[in-house]
Structures are given as C-alpha cells and as structure tokens.
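1. Provide a 3D model corresponding to the input given below.
(chains A, B and C)
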Amino acid sequence: MLDWFDTNLVSMVDGVAYGLLLFTLAVGLSLVFGMMDVLNLAHGSLYLVGAFAAYALSDGSWLGFALALAVGVAAGVLGGGVLAAMTAPLSTRGHLDQAALTLGVSLIAAELMVMVFGAEVLPTQPPDALGGSASILGHRYPVYRLVFIGVAGLLAAAVYLAFERSSLGALVRATVADRDMVRAMGVDTRKVLFGVFAFGAGLAALGGALGAPILAPGPGVDENVLVLSLVVVVIGGLGSVQGALLGALVIGQVQTLGVALLPTYAPFLLFGAMLVVLAWRPQGLSSLVSRS
Amino acid sequence: MTAPATRDLSPSAAAIELDGLTRHFGSLRAVDGVSLAVQQGSRHAVIGPNGAGKSTLFAMIAGTLPATAGRVALHGEDVTAMPEHRRAMQGLVRTFQHSSLFLRCTALENVALAVQRQQGTQWSMVRPLRRRRAVLERSHELLEGIGLADRSEALAGALSHGERRQLEVAVALGTDPSVLLLDEPAAGMSAAETARFKQMVLELPREITVMLVEHDLDLVFGLAEQVTVMHLGQHLLTGTPSEVRASEDVQQAYLGAEDTSDLFPQEAR
Amino acid sequence: MRRQVGYALALAALLAVPWVIGPYAVATVSRILVFAVLAMSVNLLTGITGLPTLGQSAYFGVGAYTGALTAIHLTDLGPAQVVIAALAGAVAAALTGPVAVRARGVPFLMITLAIGEIAYSAAGRLDTITRGTDGLSGIPPVVAAPGLAPTVNEGLVYYYVLAVFLVLFAVIALLLRSPLGLTLRGLRDNEARLTAVGYHTTRYALAAYVIAGAIAGAAGSLWASAQRFVAPGDLGFEVAALALLAVIIGGVGSMWGACLGAAVVILTRDYIGGNLSGHGPLLLGVLFVLAVYLLPRGISGGVRQWRRPGAKREVAA
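-> Numbers count the residues shown, from 1 in each chain, chains lettered A, B, ... in the order given. Reported below is the predicted structural model:
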C-alpha cells in the first residue's frame, strides 16, 4: 500500500497543484454563473492574459515576478469589467446570446494574443530563486510547484473565508440565492454583479500568472482551460465556492494521477469522472457540503 | 392509453382520496396532514387565505411536487409514488396558476400536444401533423368547446389573458382526463371572462371530477358542490357551500373574528 | 408562397454553382453544404428542442472517421458510407446522451462541451484507429451511386454532396412537421406543461439527441468524401462553437437560417479571412459580437426585428 503511494506520490502532488490552479480559474466562473446567470465563455482568455503577462514580464527576479502578477491581475480585472459591461444588455436575452457574445470576444482575444506573442506555446520560467527541484520523501520535485501549492492553497482559503465569513461574502451569497430579494433590500445588485465578475476575472488572471510555469500560455490553451473550468463548475455545482474547490481537486487528480494510472483511457477519464459525479449528485458536489 | 382495469368509476367511489398528506420545506409545514375525499363526478373547491397551502396541495395531488408524508389515491389506486407524467396518463391532469402554455405554438398545436399524447401518436416522425385527422378533429372539437375555434391558428403568446386561461383548460381536456385540477383558473380575469369560464366548467361532462383552487369566492360558490377550507396548511372544514358560509371557524380563519356577514355572497346556486 | 419561391431560387443557384465559379470556390461551397448539415443538427437540438449544445462536433467526428474507414476498408459507395456514418453517430449519441439529457440549459451546454472535447482528445490518442494527429488520409474517391465511376472531378463531388444535403434537408423538414417535431417544440416552450400532459420528457430529449447525432454523423461522412482527409482538428471546440454561432446568426429555430449562417461563417473564416492575411478568427469574433447586438433574431428574423426596440431572442437556454 505504502509502495503504491510512493510510486504515485509525484502524480498526486501534481494533482493537488493542478487542482488548486483549476480552482482559481473555476471559482470566478461558478460565481458569475450562479449569481448572474451569465455564461462567460471568454473565461479561458482571462487565464491567458495573466499567463502572457507572466511570460512577458517575469525575468527571473522577484521584481519581475511581482510586476507580472500586478499587471496580470490588473488586466484581468479590466477584462472582467469589460465583459460585465458587454453582457449587461443581454441579461434578458438568455444564455445563447451570452455564449455567442463571449465566444466572439474570446476569438478576438485569442487572435490578438497570437498577433502579439506568436502561435507557439511559450514555456515560462519561475523566478530564479524558486527554480530547481527539491527532494521530498525520496522524490525530486520542482520547488516552484510546491510553493505554488502553498500559495494557491492560501489563496483558496482566503477566498473561502471571504465568501463564507465576511459580510461582503454574505451579500454575494444572498445575491446568488435570490437576486430580487437583495434588490428589494435596497442593494444595487448590478454593482455586486460587476464586482464579482471583475473579482472572478482578476482571480483567473492571477491563476494564469502564478500558474504559467505549470501550464504555459499559447494558442488553444484558453480552450483547454475553459473546458476544464466548465467541468469543474458542473461537477462542483453552480455558485458554490466549496463545490468549486472540491470539484477542482477531483479533476486535478483525474487529470494527473488518473492519466498516470490509466494512460490509454486518458481522454475518457474526464467524461467518466463527470458521469460518476453527476449520476451520484446531480446538483454537483456542493450539495455534499452545503447548508440547505 | 386509458384507464387501467382497477379504476373504480362508480358514482359513490372517491375519485381522489388524500390520507395525511404532508409537505415540509425545511421547517415550514406548507401542508400538514390533510385528509380528504373527493367524490367521483363532484365539483370540489379548495379555498383558504393566502399561505394556506392550497397550491402546494394541488401540486402534490398532481405529482408536480413529491409528498413528504401521506398518501394520494386516484380511483382507489395509490399513486403517491407515481411520477407526474404517468398520473396524467392515468387521467389526473392539472392546469397551472400562472399561465403555462406553449407560447410559440398555435392554439391548435397546444391542444394537439395533449391529444396526440392521449392517442399515442406523439412519436410519429413521418406523416405530418397536418394530415392526422384524428388528432386535428379532436383538437378542433376541444377548441370549439371553449369558444376558441376562430383563434386556432393564433400563437398562444398572442392570445388575451382570458383566452389563455381557457386554452389551458382545453389543453388539459385534451388528455381525456377523469380528474381535472384547476389551479386558480380565474386569476386575472375580468368579470365577463369569469362568467364565460364558469359557464364552460358547468358544461363539462359529469364523468370528469373537477377540483379547483380559487380566490374568487363568487366563482367558487357558483360552481362548487363541496368546499374544502384550508388554513395554515391544515384541513379546516369540508362541507356544502352553505355549511362553509355559516361556519365561524372559517370566518375566523379568513379575518380573525369580527363581523363577516358581507364576506360570503348570499347568492344561491 | 414566398417561401416556395425562395427555395426554388436557392435550389437553382446551388445547381448552377459548378458552371459559374472555379474549382477552388466550388470546393468551398461543398464545405459550406457539409457545415450547413452540421449546423442543422445543432439547430435541431438548440432551436427546436431548446437544448443549447457545443458537442455536436463529437458526432460529426465519429461520422467522419467512420465514413473514412468505411471508404477505405469496406465500400466506396457514397450512400452506404453516409448511412453507416449516421448510424455510428446515432450510437455514439445514444451512449453519451443519457448523461447530458438529465440536465437543461447551461449545465447541458457544459456537458456537451466536455463530450466534444473528449472526442477531440480521443481522436488524437486512438492512433491505431484514427492515425492520431497525423490524420487519416488515403480515402478513396466516393462512388455516388452503384454503377457510376468514382467521383474525382470537384464539380461532381459537389453534386454528390448537394444531393445528400437535399435529402437530409427534406428529412429534417418532414421531422419538423411531424407529431414528434411538435413534441420537441413543446419541450422547448414549456417542459413542465409537457410533463403535466403525460410526456416523459427526458425520453424525447434523448430521441432528439440521437437524431441530431445521426445527422451530424452523416455530415461527417460527407466531409470525409469531400476533403479525402480527416484529422482531429475537424472536430473539437472550434467546430462546435462555429456551428452554434452559425445557428445563432441564422436565427435560432430556422433551418434555412442555419444553412445561411453556415455559409456566412465559412465564407468569413476561409474566404474573407484568407484575403486579410489569415486573421479569419478575429473577423469571426467581431462578426459574432456585432450579430448579437445588431441581429437579435438572426438573419431569419428579418427586418421586423429592428422595428421593435429591445427585441428579445426567445430561446430558453
């Protein structure tokens, strides 16, 4: 038993890293959808914005890294604001129009990024101080990934606490549950929605900037990221932060440990995971941890 | 496509029997242990102040909402575990409080959807609906019955409110029901529309048992032979309209004591 | 009456195509027709049944690979390939549909998206069958009918594709006028009501899904015959997204709209995009953004949609 863990430890740790990365991407998507009923298919582009910022600005130094994070997040928040503004007039027109609009935006964004950065995947280096690998329990493991797990874990905890414990989080949760009620209380729900959109976008871009050394930017990566985020949101349950976390960790393991154990079935593992979860809990994993 | 062999349609049998029917929403008891029998062929109204649980009760009878506890029997057969669409095929059909039609289909198509299901042709993929005489004739017949024959090609979304409420009933009749549940059918109707509606219900054949939830007490006392009063999720009283009118408990429930002599219309049926 | 005239004119134009334009352009029109069939399968699910989908590319891919492999190993008779590919699409849809069909709206969309992506990655990985990312080549030219010679001439390939397109268009038109077509529209308009009059709605949603899968599979076979090459890039998210967007541009619910939308999408990407030094996707993106704001009802919505301010698109996603 211990042997099995030993052989697969690297994959499992990878899975946690990947899962936390997916969480930073998926949580914004889940909240925006759960709350605003807005389907944002340009979400993958937000990841790319952050990741390309990391590629362009991170030169190995801490300053470069910090700059990359700042610029990435700022660009993401800006992008989120723009998307919120563009989808606002469509709120009465249903998801198909939102899908079309955000898909159009993602096509434009993807092409613009290819024009600036070229059509190759661009491997991104972490800051020099975090390069190299360390020895954990007899296995060599990239230091940056371990640090990433720590940082992303803290980030996930912070988002969770903000959502569950703060009064702002309570406002957000209330708006997800019953927007009309919150509006009747005198709160301008449009500002709440705008805020959540921008926040989710900023978080996705932050995920991109932090995660670039793990998942490098390039054409097609936005699609990848979008699909994975959507799967996480579906199995996690819409509008739930815990659901997104659980879902992301599950998918993270499926895509790393699962692929390591069953390489021939790799493409079907994702679908299989989704099938199993939805058959067991149709509203998503959030119903396991939810209050009511 | 129609009744199972066990259906008991004798006039004295209960069309609907409720036994301790209960529905909880968290700690809220929307319907609390309601027991009731509705006679075959009767016109039975369910009334009560807002929040009494009437619509929830209806939803449980029809199967839209599962019961937390208790039993629902249709013509003597326990249907508590039966899903809504199967109850509809067994003859138990409801209409909805908020107009629930196929808005982008014509009035004829709305009724045809019910009729084709009842006749079993809803899977057919080749011969066009336009040429299916059995479905079309029955659909036209039903539309004529409710006075909408000249609006058959109009989109349901283009009909007036009163016309839509009537179409709702026609659609329900398309399934050839034995029990018809009307959920606030007169909601939003003008006096003239309500009068027309009442006439239509009065002309329904006796083979169909009619239950209705209504706030319009004029309509209720003009139609119902039996009236059930609900209050705070519980069954308060069932009786003839005059018994209900005279009951102090009922008056208290509606107003909380005080003089209620002008609450219930004295008009005899 | 106007509709009949419109169809007649369109048919005449389609028949005249190889006489009026050069072989490269004819090949493009063939591609448009194939894409139009795919768009119609999306419209069947999205516009008629009310289930928005980003996964039809999966069944298109299944049909393309099946058609190609049938052509290589079994028979070069076109109609046989189409039928076998359609069956394969239907089977794939029947196997994957039950998971999707329990959901509605956006969850349904997301599940179909995942299905599409998985098909894409499977096409890349199952090299023994699909030859992976190298793609499947060596597809023999199709024989349009028993006794005819293999069609190599671009114009004749076009006529074969056109013939199959017309047959499929007619089949879909029949379906829409049938009782099942009405049932599906009822599902779109008001599923709760449909349940209340006795329909087990999930079954009908699954039926629509399987039929759409068959149509997409047939389109895939046409693609294999026209292109003589199938690769993973022929399925996947971009194809699914473009098909959905074609339906939206054409006007959700309208089959001829979907075909027109397909033409707009392909022409924009391949033709105009080609002239603008390959920035097809950029132009497409702009096109979709504009279409959403300016054409709420799509092309088939006609001029009427501008007369009423705030016209709403009525699909309940």
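2. list the contacts for A:Val116?
-> Applying C-beta atoms under 8 Å, 6 or more residues apart in numbering or on different chains, we find A:Val116 in contact with A:Phe52. For glycine as for every other residue, the C-beta is placed from the backbone atoms N, C-alpha and C.
3. any regions of chain B where pLDDT drops low?
-> Along chain B, the model assigns pLDDT under 70 to residues B:1-12, B:255-269.
4. let's check: the centremost residue of it is which one?
-> B:Leu181 (1.6 Å; C-alpha atoms, centre = their mean).
5. can you tell me the helix or strand for that residue?
-> strand B:179-183 (DSSP states H and E).
6. and the helices in the stretch 51-200 of chain C, which stretches?
-> Applying DSSP state H, counting those that start in this stretch to the stretch 51-200 of chain C gives helices spanning C:56-73, C:78-101, C:105-125, C:127-130, C:154-177, C:179-189, C:191-196.
7. related to what we said a few turns ago, correct me, but the residue nearest to the centre of chain B touches B:Ala62?
-> Yes - counting by C-beta atoms under 8 Å, B:Ala62 is a contact partner of B:Leu181 at 5.7 Å.
8. what touches both of the two?
-> With C-beta under 8 Å, 6+ apart, B:Leu181 and B:Ala62 have common neighbours B:92-94.
9. neighbours of A:Pro123, how many?
-> 11 (other C-beta atoms under 10 Å in any protein chain shown).
10. meant to ask about A:Asp128, not that
-> If we define neighbours as other C-beta under 10 Å, then A:Asp128 has 13 of them.
11. how near is it to B:Gly174?
-> Using C-beta to C-beta, to the nearest Å, we find A:Asp128 at a distance of 75 Å from B:Gly174.
12. show me which positions of the helix or strand where A:Val10 lies end up buried.
-> Element membership of A:Val10 [criterion: DSSP H and E] is helix A:2-36. Using 16 or more other C-beta atoms under 10 Å in any protein chain shown as the test for burial, helix A:2-36 gives A:8-11, A:13-36.
13. low-confidence ranges in chain C?
-> C:273-278, C:306-317.
14. repeat that for 80
-> C:1-2, C:106-107, C:110, C:270-280, C:301-317 (pLDDT under 80).
15. contacts for stretch B:81-94, please.
-> By C-beta under 8 Å, 6+ apart, stretch B:81-94 touches B:1-4, B:7, B:16, B:58, B:61-64, B:74-75, B:77, B:79, B:117, B:172, B:175-183, C:195-201.
16. burial check on C:Ile215, number of neighbours?
-> 30.
17. cool, C:Tyr271 as well?
-> Using other C-beta under 10 Å, C:Tyr271 has 13 other residues around it.
18. ok, so what distance separates it from A:Leu210?
-> Separation of C:Tyr271 from A:Leu210 (C-beta to C-beta) stands at 41 Å.
19. returning to what we had before: what is the burial count for the residue nearest to the residue nearest to the centre of chain B when sequence neighbours are not counted?
-> Nearest residue to B:Leu181, sequence neighbours excluded (C-beta to C-beta, 6 or more residues apart in numbering or on different chains): B:Arg94, at 4.0 Å. Look at B:Arg94: counted by other C-beta under 10 Å, it has 28 neighbours.
20. by contact count, what packs against the strand holding B:Leu181?
-> Applying 3 or more C-beta pairs under 8 Å, 6 or more residues apart in numbering or on different chains; DSSP states H and E, one finds that strand B:179-183 contacts helix B:54-62, strand B:92-94, helix B:161-173, strand B:209-213.
21. tell me the strands beside it, with direction?
-> Partner strands for strand B:179-183, per DSSP bridges, with pairing direction: strand B:92-94 (parallel), strand B:209-213 (parallel).
22. what angle do the helix or strand that the first one is followed by and helix C:179-189 make?
-> Helices and strands here follow DSSP H and E; after strand B:92-94, the next one along the chain is helix B:107-119. For helix B:107-119 and helix C:179-189, the angle between their directions (axes from the mean of the first three to the mean of the last three C-alpha atoms, to 10 degrees) works out to 110 degrees.
23. need phi/psi at whatever residue of the stretch 1-150 of chain B ends up closest to chain A.
-> Closest residue of the stretch 1-150 of chain B to chain A, C-beta to the nearest C-beta: B:Gly26 (6.5 Å). In terms of degrees, to the nearest 10, the main-chain angles of B:Gly26 are phi 70, psi -120.
24. mind listing what's buried in the strand or helix carrying A:Leu96?
-> Per DSSP H and E: A:Leu96 is located in helix A:95-117. For helix A:95-117, burial by neighbour count (16+ other C-beta under 10 Å) applies to A:95-111, A:113-114, A:117.
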